[in-house]
Structure formats: C-alpha cells, structure tokens
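> okay, sequence plus prediction incoming.
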Amino acid sequence: MKHIFPLLAAIAVALATVSCSCSPKKALLPTISGKAGEVIVVINKTDWEGAIGNELRELLASDCPFLPQREPLYTLVNIVPSAFTNIFQVHRNIILINIGNDITEPGVVYRQDVWARPQCVIGVNAVDSESALGLVKENGKMILSTLEQAERDRIITNSIKYEERSLAPVVTGFIGGSPHFPTGYVLKKQTSDFIWIGYETTYVDQGFFIYKYPAEGNEEDFRIENIVEERNEVLKENVPGMFENTYMTTSDVTMPSLEFIKYKGREFAQVRGYWEVHNDYMGGPFISHTFYSRDGKELIVMEGFVYAPRYDKRHYMREVESILYSFEWKDDSQK
C-alpha cells in the first residue's frame, strides 16, 4: 500500500535543505529534549504495527549485550505524523519514515541539529511500504551506528565540558594518554602498574581500571583467553572485596565477547563481559579496550564497569563506554 502524508513530505523537504555546517541559525536552536537512549519513530500506525515496525524493533530494541537483566538497546516511542508537532521535533533522536508516491529521491538521509541540538535525525524516504522496509534492512547497521555515535558524542562532549582535570595528568603519565573523566570521578588507587578511578553514589558505582603489561608482539596478545587471564591476575591483586578471600574477577557463566574496533585512527580489542566478586554475590557488566602502547612494547588495558543492583544499567554502561571512547594520546590532544 502507498501512503501519502503531506506533513511528512514537508518534513522531508526540510531535511533535504538543512545544512550540516555551523550557522548563526543553528546557534539559536533549543537544547534537545528526551531521555538518553530514547528514539522517536515518526510512522503511521499501520506500518509501525507491520513489517517496518518489526524490523525497527529488531534492529534498535533488541537486548543490550551483557547486561544482567533484559534491557533494549533503545527505547522506541511511536509518534504518528499528524502528532509530530514542535514538542516532539526537539527530541534528541528522531527517525522519520516518509512514505508517499510523491517521493522523488528515495533513500536514507542523515542530519544533525535540524530542530534542536545536539540532535540526530534520520529520514527514510520511500514511495511505498515495501521500499521503506528494504531501505531499513539495507541500511540497518548504518542507522544503528549513527544513533550510537550520536549518544556517545553527547556524553563525550559533556565529559570534556565538565572534566575533572586532575585525573588526565595522572593517567597520561602512566600510559601516554587519557580519557576525559567528568566531575565526580576520583582517583581511588594508584600503583606502579595499576590505576583505579571511580564515581560512587549511594546505590551506583561506575569505575575504571587502567593497567598495562608486556606485549608478545603477535596474535597471542589479543586472544580473548589471554586478555581475560591477565585481567583476572591484575584484579585479584588490586581489587579486593569486602571480606577475606574475596576479589573481583571475570564471571565464567558467559564467555566474554571480543570485537576488533577501529575508531578515529585508533585500533583496539573491545571485550564485553560480566565481572563478579569471588566468594561473594556482587557482580555486573564491564567493557574493556586493549591496545598497544606507542612503542608497541606493552599492552594497555582501559576498562569500565558498573555496579547498580537497584537500577537498569544500560545508561550507566553507555556512559562508561563513551568515556573509554574519549581517550586521546597526549600528542593528539594538543593538536
């Protein structure tokens, strides 16, 4: 079936004419609204309850990996085109499914700061529902990565704006660079080969471990078994639990995942998994980046973890993950 929505057609025109360059008009845009991890999907009810909606839910609302409880990657909110008014146009993340036989340039359009800032707007323009479904399937990875980067960039921007500037020199002196840690994070422990930085509230603990060890200089450096083995040795020595013979380690209930990432000129092995406390009942998710030092003689590990037994953990994990991604070598950050 073909659906013609004049309002969405007007939106598509607006998206096509918006420039991504900075301008005085953009400086006057309002600040985004909505919760972190939330996406508004502008689409008619028929398509939302049909194949297109199912594809979007499978793509964006599937379970977050390595969280103790089931939580979706994103919280999707459906808005029909006639209800897409000013109050929703300033939302942080918007996907516009624009279907109509007047579409002259079908495709997926990515825009920033259309009605607010820092905003991510993705338009899917198609002549009919079948074509729109095909576009979502073909461009699914790009749609997901665009949303992920938008959420990450917002956290990194705030981390830099409200940075706890006492921490970067400590970490830089240890490994030659540092992430941007926001206000509230403090140095909890520092030895010759280990740093622990944390942010604690009454019921939430977000922390980072930074350590290094000699590199073999071959493929063995990035085998998941070796990364986990080194992790367990370091944490047993440096992260004790509350009671005697308790310490943080890697949970073996589920094997951690390994992914090789190239991000802004850096290459690293990204590991996701669960941590637990040996001989105790504490646990939660972690994510780590393992990469070579500048001279290639050592492996550097930066890890973020969350302990939040009373709350959902998706946003807390996205925060620590984004802080890891904010890492800059000292010479790069001074350019």
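Yep, it's here. It should be emphasised that the depicted structure is a prediction, and the values quoted were computed from it without experimental measurement.
> please count neighbours and contacts with C-alpha atoms only from this point.
OK.
> show residues contacting the helix or strand where His315 lies.
Following DSSP states H and E, one finds His315 within helix 314-325. If you take Cα atoms under 8 Å, 6 or more residues apart in numbering as the criterion, helix 314-325 is touched by 36-37, 64, 67, 71, 73, 152-153, 155-156, 159, 179-181, 206-208, 285-287, 289, 302-306.
> Val127 contacts Asp102, doesn't it?
Yes - in this structure, Val127 is within contact of Asp102 by Cα atoms under 8 Å, at 7.0 Å.
> need the overlap of contacts for these two.
With Cα under 8 Å, 6+ apart as the test, Val127 and Asp102 reach no residue in common.
> between the two, which has more neighbouring residues?
It is Val127, of Val127 and Asp102, that has more neighbours when counted by other Cα atoms under 10 Å, with 21 against 14.
> relative to Pro106, how far out is the more buried one?
7 Å (Cα to Cα, to the nearest Å).
> show me the shaky parts of this protein.
1-27, 333-335 (pLDDT under 70).
> show me it divided up by domain.
Split into domains by automatic domain parsing, the chain comes to 6-159, 164-333.
> show me how far the shortest one is from its chain's centre.
Average the C-alpha atoms of domain 6-159, do the same for its chain, and the two points are 16 Å apart (Cα atoms, centre = their mean, to the nearest Å).
> same question, the last one
Computed by Cα atoms, centre = their mean, the separation of domain 164-333 from the middle of its chain amounts to 16 Å.
> thinking again about what came up before, could I get the buried residue list for the helix holding His315?
314, 316-325 (16 or more other Cα atoms under 10 Å).
> so Gly173 lies in a helix, does it not?
Yes - counting by DSSP: H, G, I helix; E, B strand; the rest coil, Gly173 is found in a helix.
> that one and Val204: what is the separation?
Distance from Gly173 to Val204, by Cα to Cα: 29 Å.
> who's more crowded, those two?
Val204 (16 against 11).
> with just CA atoms, put the helix holding His315 into PDB.
Extracted in PDB, the C-alpha atoms of helix 314-325 (Å, rounded to 0.1, in the frame of the first residue of the first chain):
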ATOM      1  CA  ARG A 314      22.000   0.500  30.100                       C
ATOM      2  CA  HIS A 315      22.700   4.200  30.500                       C
ATOM      3  CA  TYR A 316      25.400   3.700  33.100                       C
ATOM      4  CA  MET A 317      27.200   1.300  30.800                       C
ATOM      5  CA  ARG A 318      26.800   3.600  27.800                       C
ATOM      6  CA  GLU A 319      28.400   6.400  30.000                       C
ATOM      7  CA  VAL A 320      31.500   4.400  30.900                       C
ATOM      8  CA  GLU A 321      31.800   3.100  27.400                       C
ATOM      9  CA  SER A 322      31.600   6.600  25.900                       C
ATOM     10  CA  ILE A 323      34.300   7.800  28.400                       C
ATOM     11  CA  LEU A 324      36.600   5.000  27.200                       C
ATOM     12  CA  TYR A 325      36.000   6.100  23.600                       C
END
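> tell me which helix or strand Glu225 sits in.
Glu225 belongs to helix 224-238, assigned by DSSP H and E.
> tell me the first helix or strand C-terminal of that helix.
With DSSP H and E, the next secondary element past helix 224-238 is strand 248-250.
> neighbouring contacts of that next one?
228, 231-232, 235-236, 239-241, 273-278.
> now do the same contact list for the closest residue to Tyr292 other than its chain neighbours.
Take Tyr292 and drop its neighbours on the chain: the residue closest to it by Cα to Cα, 6 or more residues apart in numbering is Leu299, 4.7 Å away. Contacts for Leu299 (Cα under 8 Å, 6+ apart) come out as 212-215, 221, 290-293.
> partner residues bridging Leu299?
Tyr213, Tyr292 (DSSP bridges).
> that one and Ile175: what is the separation?
Counting by Cα to Cα, the gap from Leu299 to Ile175 is 10 Å.
> need the residues touching each of these two.
With Cα under 8 Å, 6+ apart as the test, Leu299 and Ile175 both reach 212, 293.
> pairing partners for the top strand by length along the chain, with directions?
Longest strand in the chain, counting residues (DSSP state E): strand 266-277. Its sheet considered, strand 266-277 pairs with strand 248-250 (antiparallel), strand 257-263 (antiparallel), strand 283-292 (antiparallel) by DSSP bridges.
> report the buried residues of it.
268-277.
> which residue ranges of the stretch 51-200 of the chain form helices?
51-60, 86-89, 129-138, 140-161, 167-175 (DSSP state H, counting those that start in this stretch).
> packing partners for the third one?
When contacts are defined as 3 or more Cα pairs under 8 Å, 6 or more residues apart in numbering; DSSP states H and E, helix 129-138 packs onto helix 51-60, strand 93-99, strand 120-126.
> quick one, that helix and strand 93-99 angle?
Angle of helix 129-138 versus strand 93-99, following axes from the mean of the first three to the mean of the last three Cα atoms, to 10 degrees, is 140 degrees.
> what's the answer for the first one, then?
Here helix 51-60 runs at an angle of 150 degrees relative to strand 93-99 (the same axes, to 10 degrees).
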